[in-house]
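Asker: I would like the atomic coordinates for the input below:
(one chain, ligands or ions: 1)
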Amino acid sequence: MKSKKLMGTLGVVFLFLIIAFFTEKREEKAEEIPVVGVLQYVSHPALDEIYNGIQKGLKESGFVDGENIKIIFQNGQADQSKLTTMSQQLIQKNSEVLIGIATPAAQALANSTSEIPIVLGAITDPVSAGLVETNEKPGGNITGVSDKSPVDSQLDLAVSLLPKAKSVGILYSSAEENSKYQAAEAKEAAQGLGLTVKEYVVPSSNEIAQTVQVMSSEIDFIYIPTDNTIANAMQTVVNEANKMNTPIIPSVDTMVSEGGLATVGINQFDLGVQTGKMAADIISGKSDPATTPIYTFNTGDIIINEVQAKKLGVTIPEAVLKEAKLVGEE
Ligand code: TRP
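Answerer: The predicted model follows:
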């Protein structure tokens, strides 16, 4: 009798242990969902769009925030010390993979870890930014997406829309490695088309308004690389340039929508989707950054701001119009 009771008690205890064991396992699992740490350099429409795309790309690969991954998002607001602190925080939160949106954010992450995989979200030139050895074989803990602009096509388009233009001013920030690289490319392409080139380098966003005023009296049109400082202050650039009817050829669709004249641009959302997918492949162990080539988008769409074209009295050649996607402010 007694031993039966004992057996019964033991049975109950055993059952409890089993239940406790499995519950614990499940809790552990809940805590274990991979953390994806995202660091965005600053807010502007293009980078915001890239972040939206990243979430979509992860989702398309089966990773949903709050379900089987946890996304921790930080925005450095163009502040170097914030970028450094935030990078360290993301590492302390045990991120399994880190995503850097824009060059200065990716550089801050890269300075904080050489072990945790980092996926680049639309970096103009990962090599000159010191992030990878080569685009084909990154070599370390970093791979991702490059949004290197089709600079030659952009300047060809500028010349076809502005046939009387003789000079171009390139506007960018001295703080951004990505812009230095692209400005040099643009200079060469513009000179190849017979244009006189002048560079206008701003130390911070405080000097943009005045610089654009000066440019408007010195050159025929403004060219803007994928510069985050300028993209963040695009409204100011457009306001000042419009006062003197100076056309702006930026590098991305979002900046055309904000008042640039035209560009041949890569879709920002698509860049994000590809970044998200590459991060997903790393989480699921399908790829290793060291041997995963940088993904480069090398084609773009012709984007024209119709309202701005009318304002500036620019006639769009029929052949260009046929291929173009038209945008314009309300
Ligand atoms: N390529 C930029 C960098 O390397 C980031 C970027 C992506 C960007 N899209 C943009 C900057 C649009 C300005 C506008 O930092």
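Asker: How about the residues of this structure by the ligand?
Answerer: Contacts of the chain with the ligand, taken as C-beta under 6 Å from any ligand atom, map to 46, 102-103, 122-124, 147, 178, 226-228, 231, 252, 268. From N, CA and C alone the C-beta is placed, and that goes for glycine too.
Asker: Okay, and which of those map to helices?
Answerer: If you go by DSSP state H, those have Ala46, Thr103, Asn178, Asn228, Ala231, Gln268 in helices.
Asker: Tell me who's in contact with the second one.
Answerer: If a contact means C-beta atoms under 8 Å, 6 or more residues apart in numbering, then Thr103 has Tyr41, Ile123, Thr124, Ala129, Glu176, Glu177, Asn178, Asn228 as its contacts.
Asker: ditto for the fourth one
Answerer: Taking C-beta under 8 Å, 6+ apart as the definition of contact, the neighbours of Asn228 are Tyr41, Val42, His44, Leu47, Ala78, Ala102, Thr103, Pro104, Ser173, Glu176, Asn178.
Asker: Could I get the contacting residues of the residue nearest in space to the middle of the chain?
Answerer: With distances taken as C-alpha atoms, centre = their mean, the residue of the chain nearest its centroid is Ala122 (3.8 Å). Ala122 makes contact with Leu47, Ile50, Ile101, Ala102, Val145, Ser146, Asp147, Thr226, Gln268, Leu271, Gly272, Thr275, according to C-beta under 8 Å, 6+ apart.
Asker: ok, now with 7 Å
Answerer: Contact analysis of Ala122 by C-beta atoms under 7 Å, 6 or more residues apart in numbering lists Ile50, Ile101, Ala102, Val145, Asp147, Leu271, Thr275.
Asker: Let's have the residues you listed in a markdown table, adding distance to Gly194 and neighbour count.
Answerer: Output for those, formatted as a markdown table (distance: C-beta to C-beta, whole Å; neighbours: other C-beta atoms under 10 Å):
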| residue | distance to Gly194 | neighbour count |
| --- | --- | --- |
| Ile50 | 35 | 27 |
| Ile101 | 37 | 30 |
| Ala102 | 33 | 29 |
| Val145 | 34 | 29 |
| Asp147 | 28 | 29 |
| Leu271 | 32 | 28 |
| Thr275 | 38 | 29 |
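Asker: Restricted to strands, list those.
Answerer: Judged by DSSP state E, the contacts of Ala122 include Ile101, Val145 as members of strands.
Asker: is it possible to export the contacts of Ala122 to CSV including pLDDT?
Answerer: Putting the contacts of Ala122 into CSV (pLDDT from 0 to 100) gives the following:
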residue, pLDDT
Ile50, 98
Ile101, 98
Ala102, 98
Val145, 98
Asp147, 97
Leu271, 97
Thr275, 98
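Asker: so which of the contacts of Ala122 comes closest to the ligand?
Answerer: Closest approach to the ligand among the contacts of Ala122 (C-beta to the nearest ligand atom): Ala102, at 3.6 Å.
Asker: Which residue, other than its chain neighbours, is closest to the residue nearest to the centre of the chain?
Answerer: Of all residues not flanking Ala122 in the chain, Asp147 sits nearest, at 4.0 Å (C-beta to C-beta, 6 or more residues apart in numbering).
Asker: Which residues are in contact with the one you found?
Answerer: Applying C-beta under 7 Å, 6+ apart, we find Asp147 in contact with Ala122, Thr124, Thr226, Ile266, Leu271, Phe297.
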